[in-house]
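Peer 1: Need a 3D model of the sequence below.
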Amino acid sequence: MVREYLERIKKYDREINSFLTVAEESAFEKASRADEALETLGEAALRRYPLLGVTVAFKDLFLTRGIRTTAGSKVLESYVPPYTATVVERLEKAGCILIGKTNCDAWAHGASGENSDFGPTKNPWRPEFVPGGSSSGSAAAVAANFSLLSFGTDTGGSIRQPANFCGVVGLKPTYGAVSRYGIIAMASSLDSVGHFTRTVNDSRAVFEITKSEDKKDSTLKSGEGVKPKGKIRLGIPREYFVAGLDKEVEKSVLAAAQVFKKEGVELVEVSLPHTKYAISVYYIIQPAEVSSNLGRYDGIRYGNGRNSFGAEAKRRIMLGTYVLSAGYYDAYYLKAMKVRSKIILDFEQAF
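Peer 2: Below is the predicted model of the structure:
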C-alpha cells in the first residue's frame, strides 16, 4: 500500500504540489515493521496498533524529528526539528506510517493554498481551481488518494474550508481537545488541530487516538463529551442568514439541517446578536498573536533571516504590532478581546 501511494505521488503530484517533503525511506522502514507485526502477532497486532499500516501526511507545521519542517516559508526552508509533535507521536504509536509533509499557506496565513513560498497547491479535481487553505496540501493529498489520512490546523476555517473545496471529510475539533505541542503556532488562542479522511468513520477512529491531555499543552481538557439527557437540539442562528449569503450555500446548509432533523434532532432558531462583529474581532486578535508568535524567528538560533518572510507574513506582523503598540492597545486589542467575550457569551446563552 505504501508503495502504491508513493508511486501516485511521484506520478501526479508535480501538477498538484500537495507535498513539500516525501518521507520515502522512513515510510518503507515503518511499512516493513508493520508487516512484521502482522506476521508475529496476527489479529492481536490490530488491537495493539489500531491504525497499523495507515498512511498519514502532516501539514508542514507539525514538527517531525529528523524530517524537514518548513511551515511553508523560506524562513524555515532547511529546518529539521529535534523533536516530534504529540499528535505525530500518538499516531506513530498507533501504527501509522508517515508518508510526507504537505504544502500550506506560509505560516498558515491564507485561505486558498496560493500563499506558500514553495508554490501554490492545486485542486485535484480541477487544477484551475484552488483547494482552499491554509491546510491546502493536506486536503488535496487525501482527495488525490496520495494518503489515507492527513492532518492540518484550523484557526479560522483552515480545515473546514479546504475539506469542502476538495470533497473530503474534515474535522476541526473543539479548541482544547487535541494537543498543539510541537506544532508551529499561528494564533495561539484560536489554533485547533484536526484531520482529513475519506469517511466519517475513519475520522472518528483517528480522533479517538489524538484527543486528550498530554501534560504539554495547558489548554487541553480531558474526558468524554457530555451526552445530552434529552433530545439533541441544533441551533440555526438567524444572524447567519442575512443579505449577501449565496443562495446555493443557504440551500445546502438548510438541506444539511434536515438530515439531522430526520435523525431525530430538534432544529431551533437561535440568536447570536454579536455575530456582525466577529470578523472585525478576528482581524485584530489574530494578527496580534501572529506578530507575537513570529517574533522568535530572528535567523540567529535557527532558520533564515527575517528578509525571508513573505509579503503576507510581513503585513500581518505590521498590523499585529500596530494594534499591540502602546498608543493603540486599548483602542483596538483590548476592545476586541471584550467583544470576543460577548461573542462567546452569545453561544453560551443561545438556548
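Peer 1: Mind jotting down where the helices sit in the chain?
Peer 2: 2-16, 24-41, 44-48, 86-93, 136-143, 160-166, 200-210, 247-262, 278-293, 311-324, 335-348 (DSSP state H).
Peer 1: Nearest to Glu269, out of the ones you listed?
Peer 2: helix 247-262 (10.8 Å; Cβ to Cβ). (C-beta placed from N, C-alpha, C; glycine too.)
Peer 1: quick one: average pLDDT of the closest one?
Peer 2: What helix 247-262 shows for mean pLDDT is 96.
Peer 1: circling back: out of the helices of the chain, which is closest to Gly110?
Peer 2: That would be helix 311-324 among these, by Cβ to Cβ, at 6.6 Å.
Peer 1: Give me the mean pLDDT for stretch 212-224.
Peer 2: pLDDT averaged over stretch 212-224 gives 88.
Peer 1: Start and end of that stretch, how far apart?
Peer 2: With Cα to Cα, to the nearest Å as the measure, the ends of stretch 212-224 fall 9 Å from one another.
Peer 1: tell me the centre residue of the chain?
Peer 2: Thr153 (1.9 Å; Cα atoms, centre = their mean).
Peer 1: Bridged to that residue, which residues?
Peer 2: Residues in a beta bridge with Thr153, per DSSP bridges, are Val193.
Peer 1: can you pull the contacts of it?
Peer 2: 59, 61, 108, 134-135, 159, 180, 183, 186, 191-194 (Cβ atoms under 8 Å, 6 or more residues apart in numbering).
Peer 1: again, but for Pro162
Peer 2: Pro162 neighbours (Cβ under 8 Å, 6+ apart): 113, 131-136, 138-140, 152, 170, 196.
Peer 1: any idea how far Asp154 is from it?
Peer 2: According to Cβ to Cβ, to the nearest Å, Pro162 and Asp154 sit 10 Å apart.
Peer 1: Surely Thr21 and Asp60 touch.
Peer 2: Yes: between Thr21 and Asp60 there is a contact under Cβ atoms under 8 Å: 7.3 Å.
Peer 1: Between those two, tell me which one has more neighbours.
Peer 2: Shown here are Thr21 and Asp60; by other Cβ atoms under 10 Å, Asp60 has more neighbours (31 against 17).
Peer 1: Would you map out the domains in this structure?
Peer 2: As assigned by automatic domain parsing, the chain contains the domains 2-210, 233-270, 275-348.
Peer 1: For those domains, give me TSV that also has distance to Lys221.
Peer 2: Listed next are the domains of the chain as TSV, based on distance: least, Cβ to Cβ, whole Å:
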stretch	distance to Lys221
domain 2-210	5
domain 233-270	22
domain 275-348	16
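Peer 1: what sits in contact with each of Pro162 and Asp154?
Peer 2: Common neighbours of Pro162 and Asp154, using Cβ under 8 Å, 6+ apart, are Ser135.
Peer 1: just to revisit the earlier point, highest neighbour count among the contacts of Thr153?
Peer 2: Ser135 (38 neighbours).
Peer 1: separation between that one and Glu92?
Peer 2: Ser135 is 20 Å from Glu92, by Cβ to Cβ.
Peer 1: who touches both of Thr21 and Asp60?
Peer 2: With Cβ under 8 Å, 6+ apart, Thr21 and Asp60 have common neighbours Thr70, Lys101.
Peer 1: any idea how far Arg3 is from Glu36?
Peer 2: Taken as Cβ to Cβ, the span from Glu36 to Arg3 is 17 Å.
Peer 1: any idea which of the domains of the chain is most buried?
Peer 2: domain 2-210 (a mean of 21; mean count of other Cβ atoms under 10 Å).
Peer 1: what about that domain, distance to the chain center?
Peer 2: Relative to its parent chain, domain 2-210 has a centroid offset of 9 Å by Cα atoms, centre = their mean, to the nearest Å.
Peer 1: Same question for stretch 290-298.
Peer 2: That offset, for stretch 290-298, works out to 20 Å (Cα atoms, centre = their mean).
Peer 1: List of residues touching that stretch?
Peer 2: Taking Cβ under 8 Å, 6+ apart as the rule, stretch 290-298 contacts 75-76, 107, 109, 185-188, 303, 305-306, 309, 313, 316-321, 324.
Peer 1: Now Tyr322. Nearest residue, chain neighbours left out?
Peer 2: Tyr328 (6.3 Å; Cβ to Cβ, 6 or more residues apart in numbering).
Peer 1: For Ala144, which residues are in contact?
Peer 2: Ala144 makes contact with Arg8, Tyr12, Asp13, Ile16, Ser18, Pro124, according to Cβ under 8 Å, 6+ apart.
Peer 1: Need the residues you listed in JSON lines (columns: pLDDT and distance to Lys247).
Peer 2: Shown next, in JSON lines, are the contacts of Ala144 (pLDDT from 0 to 100; distance: Cβ to Cβ, whole Å):
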{"residue": "Arg8", "pLDDT": "98", "distance to Lys247": "38"}
{"residue": "Tyr12", "pLDDT": "98", "distance to Lys247": "35"}
{"residue": "Asp13", "pLDDT": "98", "distance to Lys247": "36"}
{"residue": "Ile16", "pLDDT": "98", "distance to Lys247": "31"}
{"residue": "Ser18", "pLDDT": "98", "distance to Lys247": "32"}
{"residue": "Pro124", "pLDDT": "98", "distance to Lys247": "27"}
